[in-house]
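Visitor: Pasting a predicted model and its sequence here:
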Amino acid sequence: MKKKWIVVLTGILFFGIGYLMLTISPDPMEENLELARQAANPQEAAAAISANNKKDVFSSTAAYFLVGLGFAMTGYGIFMSEKKETSEDKM
């Protein structure tokens, strides 16, 4: 039973950290819109938006990974059983 709760609490912790990372990071769409408005031509706007999107790739990937891992661990912890009885153990 103790292992089950450790897995569930660890999953909730990972989910919380990932969700916090997602909420703290600024919205790239707002920055992209501002960059597009400041650009002189479409090529300049595309280059600025591309550079802006590349800087947030690692942090958003890590945040989504932690959220997914948190969901998976929490679900596994809730549905895992401590010890399965086999037909041999019953005899």
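Guide: Perfect, thanks for sending it.
Visitor: give me the low-pLDDT residue ranges for this protein?
Guide: 82-91 (pLDDT under 70).
Visitor: can you give me the helices in it?
Guide: Ranges of helices within the chain are 2-24, 28-38, 42-55, 57-79, 87-90, based on DSSP state H.
Visitor: got the ones you listed as a markdown table, with mean neighbour count columns?
Guide: To be clear about C-beta, it is placed using only N, CA and C from the backbone, and glycine gets the same treatment. Formatted as a markdown table, these follow (neighbours: other C-beta atoms under 10 Å):
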| stretch | mean neighbour count |
| --- | --- |
| helix 2-24 | 14 |
| helix 28-38 | 13 |
| helix 42-55 | 13 |
| helix 57-79 | 14 |
| helix 87-90 | 6 |
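Visitor: In this structure Y76 contacts I6, no?
Guide: No. Here Y76 lies out of contact with I6, judged by C-beta atoms under 8 Å, at a distance of 11.6 Å.
Visitor: For the most centrally placed residue in the chain, give me its contacts.
Guide: Central residue of the chain (C-alpha atoms, centre = their mean): Y64, 2.0 Å from the mean position. By C-beta atoms under 8 Å, 6 or more residues apart in numbering, the contact set of Y64 is G18, L22.
Visitor: how near is I17 to D27?
Guide: 20 Å (C-beta to C-beta, to the nearest Å).
Visitor: What of L13?
Guide: L13 is 25 Å from D27, by C-beta to C-beta.
Visitor: ok, back up a step: separation between the residue nearest to the centre of the chain and P28?
Guide: In terms of C-beta to C-beta, Y64 sits 14 Å off from P28.
Visitor: next one: A39
Guide: 16 Å.
Visitor: Quick check: end-to-end length of stretch 15-34?
Guide: End-to-end distance of stretch 15-34 (C-alpha to C-alpha, to the nearest Å): 31 Å.
Visitor: residues in contact with it?
Guide: By C-beta under 8 Å, 6+ apart, stretch 15-34 touches 49, 52-53, 56, 59-60, 62-71, 74.
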